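Asker: coordinates only, sequence not included:
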């Protein structure tokens, strides 16, 4: 007999698409105080764990600006400035993959319902760090655009390697794993030569409830994308800001060379905007890592609007440049060079490139020193 998956599909449909019950609703609510026994029953272990994970995530992920790799919670299908937003009856998550300008982001839908995991849904693991239970799995085949307010709660943060796993799973060919359909079960598997992860099993026949689950969330992802794309004309005058990563994260998944280019960009940027240049980086199971004393040059670069993105990636790697931030509202990229790199050679490479509209040295600074 097929295992019953939780939560029920009808409940999910109501929470995602019906108007939430207002506080003024006349619906009968039981008197909870009167129903309490003299001695309350002990709290179940799964509830204790749920509370502990929620608190740990809240303590670990302090408010900060949206950044690649964050999983943000949304309680509404948001429009710009929250005007005409549609509230949801449950939170959903969005894994941020690319900033498209303003409050618009490209990413993937994230849900709590691991019972419904398919072989295309990557489960969040303990090694990913503190994660709110609402961030259960990344639905890699549901890319979307979304409006992400700056105050949207952070449910979890994924490392560049885990982002690579998300993309590897999204790119994997159908039937790559000979796993039978088993709704409600999860498996550890090799996603490609470099990434492993936990997923569900492939979808089964028409009676598999995961088809309906995916259809509900596809409808939600389409609504969120349509709402975000409705304001796209406001950013058409800024192709540099949105074109680069929007191309990499287009709704039609790119071939393997593009995946390699994206991972290169992730590695070059070191991605985390919430980690300053002078801060130490900690990784689970490893000691502190600091940078040696050295002078670092900073460059300001503006690429031409029609620059091929894959060529931009190769140019940055050739110049040994790290992306500190960007692009800005006016298309500026801020780069740093390692201490052993020649500033003159890097400047010459960038200035001689037909991709670059302007480049200047902005400053040099001392990085943190190892004791």
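Answerer: Everything's here; your move. Just so you know, these numbers come straight off a predicted model, no measurement behind them.
Asker: backbone dihedrals for residue 14, please?
Answerer: phi -60, psi -40 (degrees, to the nearest 10).
Asker: thought it was touching residue 88?
Answerer: No: using C-beta atoms under 8 Å, residue 14 is not in contact with residue 88, being 10.6 Å away. In short, each C-beta sits where N, CA and C put it, glycine included.
Asker: so where is the stretch 51-200 of the chain shaky, pLDDT-wise?
Answerer: 80-83, 175-177 (pLDDT under 70).
Asker: how about a cut-off of 50?
Answerer: For the stretch 51-200 of the chain, no stretch has pLDDT under 50.
Asker: in it, which spans are strands?
Answerer: 70-77, 86-101, 104-111, 121-123, 137-147, 154-157, 187-190, 196-199 (DSSP state E, counting those that start in this stretch).
Asker: show the end-to-end separation of stretch 68-85, please.
Answerer: 24 Å (C-alpha to C-alpha, to the nearest Å).
Asker: list the buried residues for it?
Answerer: Neighbour-count burial for stretch 68-85, counted by 16 or more other C-beta atoms under 10 Å, picks out 68-74, 76-80, 85.
Asker: redo the residues you listed as a markdown table? Include distance to residue 353.
Answerer: Below are these laid out as a markdown table (distance: C-beta to C-beta, whole Å):
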| residue | distance to residue 353 |
| --- | --- |
| 68 | 25 |
| 69 | 29 |
| 70 | 32 |
| 71 | 36 |
| 72 | 35 |
| 73 | 41 |
| 74 | 40 |
| 76 | 44 |
| 77 | 42 |
| 78 | 39 |
| 79 | 39 |
| 80 | 36 |
| 85 | 43 |
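Asker: out of these, which is nearest to residue 116?
Answerer: Closest to residue 116 out of these is residue 71 (17.5 Å), distances taken as C-beta to C-beta.
Asker: that older thread, out of the strands of the stretch 51-200 of the chain, which is closest to residue 60?
Answerer: strand 154-157 (8.3 Å).
Asker: which other helices and strands contact that closest one?
Answerer: helix 45-60, strand 70-77 (3 or more C-beta pairs under 8 Å, 6 or more residues apart in numbering; DSSP states H and E).
Asker: please enumerate the helices of the stretch 151-300 of the chain.
Answerer: Taking DSSP state H, counting those that start in this stretch as the test, the helices found in the stretch 151-300 of the chain are 160-171, 209-229, 239-248, 256-269.
Asker: name all residues that make contact with residue 224.
Answerer: 74, 77, 78, 94, 144, 145, 146, 147 (C-beta atoms under 8 Å, 6 or more residues apart in numbering).
Asker: OK, contacts around the nearest residue to it once chain neighbours are set aside?
Answerer: Once flanking residues are discounted, residue 224 sits nearest to residue 146: 4.8 Å by C-beta to C-beta, 6 or more residues apart in numbering. Each residue near residue 146 by C-beta under 8 Å, 6+ apart is listed here: 74, 78, 94, 104, 105, 107, 224, 225, 227, 228.
Asker: how close does residue 66 get to residue 72?
Answerer: Using C-beta to C-beta, to the nearest Å, residue 66 is found at 7 Å from residue 72.
Asker: again, but for residue 125
Answerer: Taken as C-beta to C-beta, the span from residue 125 to residue 72 is 19 Å.
Asker: likewise residue 78?
Answerer: 11 Å.
Asker: joint contacts of those two?
Answerer: With C-beta under 8 Å, 6+ apart as the test, residue 78 and residue 72 both reach residue 148.
Asker: the more surrounded of residue 14 and residue 88?
Answerer: Neighbour totals were compared for residue 14 and residue 88, and residue 88 leads with 18 against 15 (other C-beta atoms under 10 Å).
Asker: so that one makes contact with residue 13?
Answerer: No: judged on C-beta under 8 Å, residue 88 makes no contact with residue 13 at a distance of 11.8 Å.
Asker: okay, and the common contacts of residue 66 and residue 72?
Answerer: With C-beta under 8 Å, 6+ apart as the test, residue 66 and residue 72 both reach 96, 148, 152.
Asker: doesn't residue 64 make contact with the first one?
Answerer: No: using C-beta under 8 Å, residue 96 is not in contact with residue 64, being 11.9 Å away.
Asker: more neighbours, those two?
Answerer: Remark: of residue 96 and residue 64, residue 96 carries more neighbours, 24 against 13, as counted by other C-beta under 10 Å.
Asker: now do the same contact list for that one.
Answerer: Residue 96 sits in contact with 66, 67, 68, 69, 70, 71, 72, 105, 107, 148, where contact means C-beta under 8 Å, 6+ apart.
Asker: what's the most distant pair in the contacts of residue 146?
Answerer: Using C-beta to C-beta, the two most remote members of those are 107 and 227, lying 14.2 Å apart.
Asker: the two: who's more crowded?
Answerer: Between residue 107 and residue 227, counting by other C-beta under 10 Å, residue 107 is the more crowded of the two (29 against 20).
Asker: sorry, back to before: and the helices of the stretch 151-300 of the chain, which one's lowest on average pLDDT?
Answerer: Mean pLDDT is lowest for helix 239-248 among the helices of the stretch 151-300 of the chain, at a mean of 41.
Asker: A strand includes residue 13, no?
Answerer: No: assignment of residue 13 by DSSP: H, G, I helix; E, B strand; the rest coil gives helix, placing it outside any strand.
Asker: for it, which non-adjacent residue is spatially closest?
Answerer: Residue 13 sits nearest to residue 216 (C-beta to C-beta, 6+ apart), 6.0 Å away.
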